[in-house]
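**Q** this is a predicted model, with the sequence first.
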Amino acid sequence: MRVISTGELASLLGSLPGVPRVVASGNYATPYQALAVLDHAVEQYRLFLLNAQPGLPDREGVHYETVFVGPGMRGHPRLSYYPCRLSLAPHLLRQNLAPDVVLLHTSPPSGGAVSLGVEVNVLPAAVESARARGGLVIACANSAMPVTYGDATVPLHAVDYVVEIDAPLATHAPVPPDEVGEAIGELVATLIPEEATLQLGIGAIPDATLRSLRGRRGLRLWSEMFSDGVLELEQAGSLDPQIPITASFCFGSEELYKWVDRNPRVRMLRTEKTNDPGIIATHRRLMSVNSALQVDLFAQANASRVGQRVYSGFGGQTDFIVGAMHSAGGHSIIALRSWHPAADVSSVVPLVSGPVTSFQHSYIVTEQGIARIWGYDALTQAQHILDHAAHPAARDELRTAGRALGLALR
């Protein structure tokens, strides 16, 4: 390991042959300063990030790659989207998408290691893949990056170069929930028992669900990610103090980053562990709460595409739904609005027209109510979705379309 300047980094990257593939920390841990150096030094390269946020280099010669599309890549003409559940993304990085360079956003070196802080995810696999093929591993050391434990710790012998940067971490401001979001969150919370293990994503509905759970006790967290809603549960005394808060990445407020910094309660693990359905299934009462863009009368969910355009991707939804359904006392919940206010269309459709992200759920929840899925025959499932999840304005059309699909709906 050697500490180098940004000028030396530019020379190093500029000497790379061909069209290198660069894997960088994604979500809200993107090392923008290092990417700017890369972009000035290398004429053509492939850039792989998860859930990329706005502000990436964008010009001819830069080709995006990902398994989960964020707003910084969504709808881009130079994007290659690889359909892949998140638990399998590390295998892609060892095989088809092996990196030539890995740009990590880390804490400053201490005790012979750096910490990946708020973004572990697929980065350990990327580091291993790069080192196995003689690629470069570069740590962008930033004093603003919290130190977290578990698989976030990267020994300095696995890092080729350290570049010191100084930049505040990007924060995520939650969208204040409206009446509909609050209603959905309250309904979801009624399905979650005491001492449950939680997996929730980010957004108004998960945040509303977490707020509705502050009166519970003995809750646990085993999730792909978490944000400020989990901090609120911790402050409310809702989480089991004996069990680590386990995830693969997090983002949120400055207060959240201060809380996770050197906090032994927080354990950040690599994606292969957090998202392994077999490991997920070992946790009792694993309640998986995810959202979708559409659900249909066959209880299939589309969380990936809007029309012909990739909106996000599989992410970890499939991993956690499978794991939750095999957990003792566990369930999978799809929570969404019954009506898309922007598009002015029903979120419940007769049959999803694009690829199905997930299926075989326990419940589908909208502000209209709770549609019970697991354990019912296909016709009863569809009737529950029509009666308890669909918006009243869509029910007649759904009933007619369902009958044409062979569902004798009342």
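**A** Nice, thanks for sending it over. Numbers count the residues shown, from 1 in each chain.
**Q** what's the closest residue to residue 228 other than its chain neighbours in contact with, if anything?
**A** For residue 228, ignoring the flanking residues on the chain, the nearest one in space by CB to CB, 6 or more residues apart in numbering is residue 252 at 4.3 Å. In this view, the C-beta of every residue, glycine as well, is placed from N, C-alpha and C. With contacts defined as CB atoms under 8 Å, 6 or more residues apart in numbering, residue 252 is in contact with 171, 172, 174, 227, 228, 231.
**Q** find the residue closest to the first one in space, skipping its chain neighbours.
**A** Nearest in space to residue 171, with sequence neighbours left out and distances taken as CB to CB, 6+ apart, is residue 253 at 5.6 Å.
**Q** isn't the one you found right up against residue 170?
**A** No: between residue 253 and residue 170 no contact is recorded; they are 11.1 Å apart, counting by CB atoms under 8 Å.
**Q** helix or strand with the lowest mean pLDDT in the protein?
**A** Ranking every helix and strand in the chain by mean pLDDT, DSSP states H and E puts strand 305-306 at the bottom, with a mean of 84.
**Q** what helices or strands is that strand leaning on?
**A** Applying 3 or more CB pairs under 8 Å, 6 or more residues apart in numbering; DSSP states H and E, one finds that strand 305-306 contacts no other helix or strand.
**Q** contacting residues around that strand?
**A** Under the criterion CB under 8 Å, 6+ apart, residues 293, 311, 354, 355 lie in contact with strand 305-306.
**Q** tell me which element the last one falls in.
**A** Put plainly, it is residue 355. Element membership of residue 355, judged by DSSP states H and E, is empty: it is in no helix or strand.
**Q** what sits against it?
**A** When the contact criterion is CB under 8 Å, 6+ apart, the partners of residue 355 are 83, 302, 304, 305.
**Q** how close does the first one sit to residue 250?
**A** Distance, residue 83 to residue 250, using CB to CB, to the nearest Å: 25 Å.
**Q** ditto for the second one
**A** Spatial separation of residue 302 from residue 250 under the definition CB to CB is 26 Å.
**Q** and the two? Which one has more around it.
**A** Set side by side, residue 302 and residue 250 give different neighbour counts by other CB atoms under 10 Å, the larger being at residue 250 (31 against 21).
**Q** surely residue 141 is in a strand?
**A** Yes: when DSSP: H, G, I helix; E, B strand; the rest coil is applied, residue 141 is found to be in a strand.
**Q** buried residues in stretch 261-270?
**A** By neighbour count, and taking 16 or more other CB atoms under 10 Å as the criterion, the buried residues in stretch 261-270 are 261, 263, 266, 267, 268, 269, 270.
**Q** right, and the last one touches residue 122 too?
**A** Yes: counting by CB under 8 Å, residue 122 is a contact partner of residue 270 at 7.4 Å.
**Q** shared neighbours of those two, anything?
**A** Taking CB under 8 Å, 6+ apart as the criterion, residue 270 and residue 122 both touch residue 90.
**Q** do you know how far residue 24 is from residue 389?
**A** Per CB to CB, residue 24 is found 39 Å from residue 389.
**Q** which ones are touching the nearest residue to residue 147 once chain neighbours are set aside?
**A** Beyond its immediate neighbours in the sequence, the residue positioned closest to residue 147 (CB to CB, 6+ apart) is residue 115, lying 4.4 Å away. Neighbouring residues of residue 115 by CB under 8 Å, 6+ apart: 106, 107, 145, 146, 147, 148, 149, 152, 153, 154.
**Q** list the contacts of stretch 119-129.
**A** For stretch 119-129, the external contacting residues (CB under 8 Å, 6+ apart) are 23, 25-29, 50, 86, 89-91, 93-94, 98-99, 102, 104-105, 116, 135, 137, 148, 150-152, 154, 158, 248-249, 268-272.
**Q** of these, keep whichever come out buried.
**A** Of these, these count as buried by 16+ other CB under 10 Å: 23, 25-29, 50, 86, 89-90, 93, 98-99, 102, 104-105, 116, 135, 137, 148, 150-152, 154, 158, 248-249, 268-272.
**Q** in helices, which of those residues appear?
**A** In this view, the buried ones among the contacts of stretch 119-129 that belong to helices under DSSP state H are 89, 90, 93, 271, 272.
**Q** surely the first one is in contact with residue 65?
**A** No: look at residue 89 against residue 65 with CB under 8 Å: they stay out of range, at 11.2 Å.
**Q** how close does residue 362 get to residue 390?
**A** As it turns out, when the distance is counted by CB to CB, residue 362 lies 18 Å from residue 390.
**Q** mind checking which of these two has more residues around it?
**A** Between residue 362 and residue 390, residue 390 has the larger neighbour count (other CB under 10 Å), namely 27 against 21.
**Q** these two touch, right, that one and residue 345?
**A** No: if you go by CB under 8 Å, residue 390 and residue 345 don't touch, sitting 12.0 Å apart.
**Q** just the ones in strands from the contacts of stretch 119-129, please.
**A** Here DSSP state E is the test, and these give 23, 102, 104, 105, 137, 150, 154, 249, 268 as lying in strands.
**Q** let me have those residues in JSON lines, extended by pLDDT and distance to residue 75.
**A** As requested, those are exported to JSON lines (pLDDT from 0 to 100; distance: CB to CB, whole Å):
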{"residue": "23", "pLDDT": "98", "distance to residue 75": "22"}
{"residue": "102", "pLDDT": "98", "distance to residue 75": "26"}
{"residue": "104", "pLDDT": "98", "distance to residue 75": "28"}
{"residue": "105", "pLDDT": "98", "distance to residue 75": "25"}
{"residue": "137", "pLDDT": "98", "distance to residue 75": "31"}
{"residue": "150", "pLDDT": "97", "distance to residue 75": "35"}
{"residue": "154", "pLDDT": "98", "distance to residue 75": "33"}
{"residue": "249", "pLDDT": "98", "distance to residue 75": "23"}
{"residue": "268", "pLDDT": "98", "distance to residue 75": "31"}
